[in-house]
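In: Got a predicted structure here, sequence first:
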12 protein chains.
Amino acid sequence: MSQHVYKKVELVGSSTKGADDAIRNAIKRASATLKHLDWFEVVETRGHIQDGEVAHYQVTLRVGFRLVD
Amino acid sequence: MSQHVYKKVELVGSSTKGADDAIRNAIKRASATLKHLDWFEVVETRGHIQDGEVAHYQVTLRVGFRLVD
Amino acid sequence: MSQHVYKKVELVGSSTKGADDAIRNAIKRASATLKHLDWFEVVETRGHIQDGEVAHYQVTLRVGFRLVD
Amino acid sequence: MSQHVYKKVELVGSSTKGADDAIRNAIKRASATLKHLDWFEVVETRGHIQDGEVAHYQVTLRVGFRLVD
Amino acid sequence: MSQHVYKKVELVGSSTKGADDAIRNAIKRASATLKHLDWFEVVETRGHIQDGEVAHYQVTLRVGFRLVD
Amino acid sequence: MSQHVYKKVELVGSSTKGADDAIRNAIKRASATLKHLDWFEVVETRGHIQDGEVAHYQVTLRVGFRLVD
Amino acid sequence: MSQHVYKKVELVGSSTKGADDAIRNAIKRASATLKHLDWFEVVETRGHIQDGEVAHYQVTLRVGFRLVD
Amino acid sequence: MSQHVYKKVELVGSSTKGADDAIRNAIKRASATLKHLDWFEVVETRGHIQDGEVAHYQVTLRVGFRLVD
Amino acid sequence: MSQHVYKKVELVGSSTKGADDAIRNAIKRASATLKHLDWFEVVETRGHIQDGEVAHYQVTLRVGFRLVD
Amino acid sequence: MSQHVYKKVELVGSSTKGADDAIRNAIKRASATLKHLDWFEVVETRGHIQDGEVAHYQVTLRVGFRLVD
Amino acid sequence: MSQHVYKKVELVGSSTKGADDAIRNAIKRASATLKHLDWFEVVETRGHIQDGEVAHYQVTLRVGFRLVD
Amino acid sequence: MSQHVYKKVELVGSSTKGADDAIRNAIKRASATLKHLDWFEVVETRGHIQDGEVAHYQVTLRVGFRLVD
């Protein structure tokens, strides 16, 4: 990791299936516009309820990627 | 969300399957006595261990619901 | 839980499948050397990304076990 | 405050005017069903945006009230 | 703890004797109206001062109880 | 909120009038370059003092907006 | 800000009008005895309730001022 | 609590007996030089160990007192 | 404290009497297997309830001890 | 700081020398693409270990810069 | 540390060299007016940027000193 | 990092020179008894003061190492 500099961006992914899938959705979307994605950190897990059932899981995560010189 | 007022209650759901299911169990139970459930926020994830294996996942969540005037 | 004293150790489990499985892996490994494992608390969830996809979920947890007199 | 016992409930008030008014709205609504309200603590301030402008301020607060014996 | 769902309420107990007693007072009061109380977690300890001496200890705690189906 | 992915950016708005206005200023500025702004969360409130009076209120907030596919 | 050293003191201001005014009141009082006040940071917002309405807003803030050599 | 302004100072009291007594010692000492002491908040509890036994309990607390105009 | 290196372990002590005693129990147990215990820091206080009364106080603490070269 | 709006980005700098140098490296890199950098706040300090020695210090920081109208 | 009572004050030191030196500067300044300084705790590290380079490191610290009876 | 499990231990290193050196001292000591040390995270920085000058910097860190199967 020598002299590299990384940047972190904060994203919110969502999924009807669960928290793991919400993370995957956010990472997939991020990789469409950002290169060198390296790691993520979960910041918060929440979700919406409809008709008394979980409608979506939403996961806020920070995604770190290397800045190319 | 105009002039509405919401209340949050803190619940702990559990499941032998995993954290997503523990959340669903808590929401399902809450919807038996509370109406207008709107969102949840995960506060803490823990669990019990038996015979060296995960026995239950337990998720503490705050559940928000609209107060009807 | 009377007069018992418990100790907590901090572990990081990982899994390509998801957070629940990362927890199970850490507990399984801990039970190979520690007895009387009783509960766990999730401290942090993170993971690595490779080729724009989640490569591993990593969960840091504190595991509590009873100290035998 | 001698031997009294207090309970806290968590509410979310909202207002188009600002955070102070969102607090007032939540307290007013709480006082419709709870007696002996004594103090509040702000937990979080957020809000919604519509057409690039603040649409509502939302304040989460804990409200403490005395339990009558 | 299988499939049970628990609820937590936040209480403030007080005592002229000390923090342990303030906890006991809050639990005793809670048990007058709630059944299946199971555990408590201390959130905050504070108190009032009169004439340069501690007048009361006040302990905020979250009390968990099982929801009966 | 289905499968949408959101991004959050952290901004600091300021105002001589008060915290509510500092939030409005930050949102207004953000909407000049970002589309689909959806919500904000207050992170911190501070300010500067000049000649023994409040000169500016400064509010740090995270602003969430939907990423268009 | 070179080699200067600053000190912070923690104050609680209150106001019947709102949080911004409670901050102004605390700063005004502080400036009566302290010189070189430079900035403030809001630590906590709470308040008292009387007859089901907000009676006072109370804001705890840390106020920084430069120590003169 | 109208327009009053309060100041908080941070103290550490200690006692060989326990945490309650460490609080009392700190308050007693504070009242020797400060007037209008009103409340305290426990920030941290720690202690020293000698010969495998608790030697002192140390409690860090913030003490609030009213500033006289 | 010169060039010494310390290690901290996390323990949970319990007692039917109160929090101070729960700390003493944890320290006593720790001193049976660890030497050079130096200080402790309280991390969390909780407890169990039986028949509407406090059954045990449980205190989680970090205990620091010097590593001998 | 009048009516200005600031943005903060989160960066991770690293250095084999120490934390101060890791900060300098992150700021230097940020200034290659961002103008009007104004301040930084350290969020976290960590590092990697190789062959039992510190290989790199890594410092996560938030960097604030003024948005030009 | 027997029955002593300690007070903590919060200071901000700064230095063009680095965080260690900013701490030393704050302590040196504090010792000009306070006696019996005993320990410090770092609360926050930040700094200013000028022309794309670190101009000063600023360290906020709490400094504890014994109150003489 | 596949299926590996890591353990973290909490250490306090100290140094008369500065925080970076205190970290190095703790890591060096840890590597005398632990293998596969991989990373560290700074938890807290404090220190002692003697004769109005910094006597030691003390850094608490969590050190992660891989558990060999």
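Out: That came through, no problem. Numbering: from 1, shown residues only, chains lettered A, B, ... in the order given.
In: CA only for contacts and neighbour counts going forward, please
Out: Noted.
In: Show the pLDDT at A:Met1.
Out: With respect to pLDDT, A:Met1 has a value of 43.
In: A:His36 now?
Out: Predicted confidence (pLDDT) for A:His36: 96.
In: do the same with the one 3 residues further on
Out: Reading off the confidence values, A:Trp39 has pLDDT 98.
In: Check whether the one helix or strand it maps to comes into contact with chain L.
Out: Element membership for A:Trp39, per DSSP states H and E: strand A:37-50. No: Strand A:37-50 is not in contact with chain L by CA under 8 Å from any CA of the partner chain; minimum separation 12.0 Å.
In: Toward the C-terminus from that strand, list the very next helix or strand.
Out: Counting by DSSP H and E, what follows strand A:37-50 is strand A:53-66.
In: Now do that following strand against strand C:37-50: the angle between them, please.
Out: Put simply, strand A:53-66 runs at 60 degrees to strand C:37-50, going by axes from the mean of the first three to the mean of the last three CA atoms, to 10 degrees.
In: and strand A:53-66, what other elements does it pack with?
Out: In this structure, strand A:53-66 packs against strand A:6-15, helix A:19-30, strand A:37-50, helix B:19-30, with contacts taken as 3 or more CA pairs under 8 Å, 6 or more residues apart in numbering or on different chains; DSSP states H and E.
In: orientation of that strand relative to helix B:19-30 in degrees?
Out: Using the same axes, to 10 degrees, strand A:53-66 lies at 150 degrees relative to helix B:19-30.
In: Can you report the mean pLDDT over the residues of strand A:53-66?
Out: For strand A:53-66, the per-residue pLDDT averages 97.
In: who touches the residue lying closest to A:Val12 once chain neighbours are set aside in this structure?
Out: Spatial nearest neighbour of A:Val12, chain neighbours left out: A:Thr60 (4.2 Å); criterion: CA to CA, 6 or more residues apart in numbering or on different chains. Going by CA atoms under 8 Å, 6 or more residues apart in numbering or on different chains, A:Thr60 touches A:10-13, A:42-45.
In: same thing with A:Gly47?
Out: Counted by CA under 8 Å, 6+ apart, A:Gly47 has contacts A:54-58, B:39-41.
In: I'd like to know the beta-bridge partner residues of it.
Out: When bridges are called by DSSP bridges, A:Gly47 pairs up with A:Tyr57, B:Phe40.
In: about what we covered before: let's have the contacts of A:Thr60 in JSON lines, adding neighbour count and pLDDT.
Out: Conversion of the contacts of A:Thr60 to JSON lines gives the following (neighbours: other CA atoms under 10 Å in any protein chain shown; pLDDT from 0 to 100):
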{"residue": "A:Glu10", "neighbour count": "23", "pLDDT": "98"}
{"residue": "A:Leu11", "neighbour count": "27", "pLDDT": "98"}
{"residue": "A:Val12", "neighbour count": "27", "pLDDT": "98"}
{"residue": "A:Gly13", "neighbour count": "30", "pLDDT": "98"}
{"residue": "A:Val42", "neighbour count": "19", "pLDDT": "98"}
{"residue": "A:Val43", "neighbour count": "15", "pLDDT": "98"}
{"residue": "A:Glu44", "neighbour count": "15", "pLDDT": "98"}
{"residue": "A:Thr45", "neighbour count": "21", "pLDDT": "98"}
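In: The strand holding A:Trp39 vs strand A:6-15, what angle?
Out: 30 degrees.
In: For burial, what's the neighbour tally of A:Pro35?
Out: Let me fix one detail, which is that residue A:35 is Lys and not Pro. A:Lys35: 14 surrounding residues under other CA atoms under 10 Å in any protein chain shown.
In: one step back: ranking the helices and strands packed on strand A:53-66 by mean neighbour count, which comes first?
Out: Per-stretch averages of neighbours, counted by mean count of other CA atoms under 10 Å in any protein chain shown, single out strand A:6-15 among these, with a mean of 25.
In: Mind listing residues that contact that one?
Out: Against strand A:6-15 from outside (CA under 8 Å, 6+ apart): A:21-26, A:56-67, F:1-9, J:9-13.
In: how near is A:Glu53 to A:Ile23?
Out: Using CA to CA, to the nearest Å, A:Glu53 is found at 21 Å from A:Ile23.
In: Tell me who's in contact with A:Leu67.
Out: A:4-7, A:36.
In: re earlier: chain F: which of the contacts of A:Gly47 is nearest?
Out: A:His56 (6.8 Å; CA to the nearest CA).
In: returning to what we had before: may I see the helices and strands packed on strand A:53-66 arranged in a markdown table, with distance to G:Ala30 as well?
Out: What follows is the helices and strands packed on strand A:53-66, written out as a markdown table (distance: least, CA to CA, whole Å):
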| stretch | distance to G:Ala30 |
| --- | --- |
| strand A:6-15 | 38 |
| helix A:19-30 | 48 |
| strand A:37-50 | 37 |
| helix B:19-30 | 48 |
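In: just so I know, which of those lies nearest G:Ile49?
Out: Each of those has some distance to G:Ile49 by CA to CA; the shortest is helix B:19-30, at 29.8 Å.
In: does the closest one come close to chain E?
Out: Yes: if you take CA under 8 Å from any CA as the test, helix B:19-30 does meet chain E, through B:25-26, B:29.
In: For that helix, give me every contacting residue.
Out: Contacts to helix B:19-30, defined as CA under 8 Å, 6+ apart, come from residues A:18-19, A:52-54, B:11-15, B:45, B:57-59, B:61, B:63, C:20, E:3, E:5.
In: mind saving the C-alpha coords of that helix as CSV?
Out: C-alpha atoms of helix B:19-30 as CSV (Å, rounded to 0.1, in the frame of the first residue of the first chain):
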residue,chain,number,x,y,z
ALA,B,19,-29.5,-11.5,10.6
ASP,B,20,-31.9,-10.7,7.7
ASP,B,21,-34.3,-13.2,9.0
ALA,B,22,-34.0,-11.9,12.6
ILE,B,23,-35.1,-8.5,11.3
ARG,B,24,-38.0,-10.0,9.4
ASN,B,25,-39.2,-11.8,12.6
ALA,B,26,-39.1,-8.6,14.6
ILE,B,27,-41.0,-6.7,12.0
LYS,B,28,-43.6,-9.4,11.6
ARG,B,29,-44.2,-9.4,15.4
ALA,B,30,-44.3,-5.7,15.6
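In: What's the mean pLDDT across it?
Out: Mean pLDDT, computed over helix B:19-30, is 97.
In: Give me the distance from it to the chain's centre.
Out: From the chain centre to the centre of helix B:19-30 is a distance of 5 Å (CA atoms, centre = their mean, to the nearest Å).
In: One more: stretch A:29-47?
Out: That offset, for stretch A:29-47, works out to 3 Å (CA atoms, centre = their mean).
In: what's the first-to-last distance across it?
Out: Using CA to CA, first and last residues of stretch A:29-47 are 19 Å apart.
In: Look at A:His4 and give its secondary structure.
Out: Put simply, A:His4 is coil when judged by DSSP: H, G, I helix; E, B strand; the rest coil.
In: What is the neighbour count of A:Lys17?
Out: Count around A:Lys17 with other CA under 10 Å applied: 13.
In: again, but for A:His4
Out: A:His4 has 18 nearby residues by other CA under 10 Å.
In: Need the CA coordinates for stretch A:4-18. PDB is fine.
Out: Provided in PDB are the C-alpha atoms of stretch A:4-18 (Å, rounded to 0.1, in the frame of the first residue of the first chain):
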ATOM      1  CA  HIS A   4      -0.700   5.200  -2.600                       C
ATOM      2  CA  VAL A   5      -3.500   7.600  -1.700                       C
ATOM      3  CA  TYR A   6      -7.100   6.200  -1.500                       C
ATOM      4  CA  LYS A   7     -10.400   8.000  -1.600                       C
ATOM      5  CA  LYS A   8     -13.600   6.800   0.100                       C
ATOM      6  CA  VAL A   9     -17.100   7.600  -1.200                       C
ATOM      7  CA  GLU A  10     -20.300   6.900   0.800                       C
ATOM      8  CA  LEU A  11     -23.100   4.900  -1.000                       C
ATOM      9  CA  VAL A  12     -26.400   3.400  -0.100                       C
ATOM     10  CA  GLY A  13     -27.400   0.200  -1.800                       C
ATOM     11  CA  SER A  14     -30.800  -1.500  -1.400                       C
ATOM     12  CA  SER A  15     -32.300  -4.900  -2.000                       C
ATOM     13  CA  THR A  16     -35.500  -6.800  -1.400                       C
ATOM     14  CA  LYS A  17     -33.400  -9.900  -0.500                       C
ATOM     15  CA  GLY A  18     -31.200  -8.800   2.300                       C
END
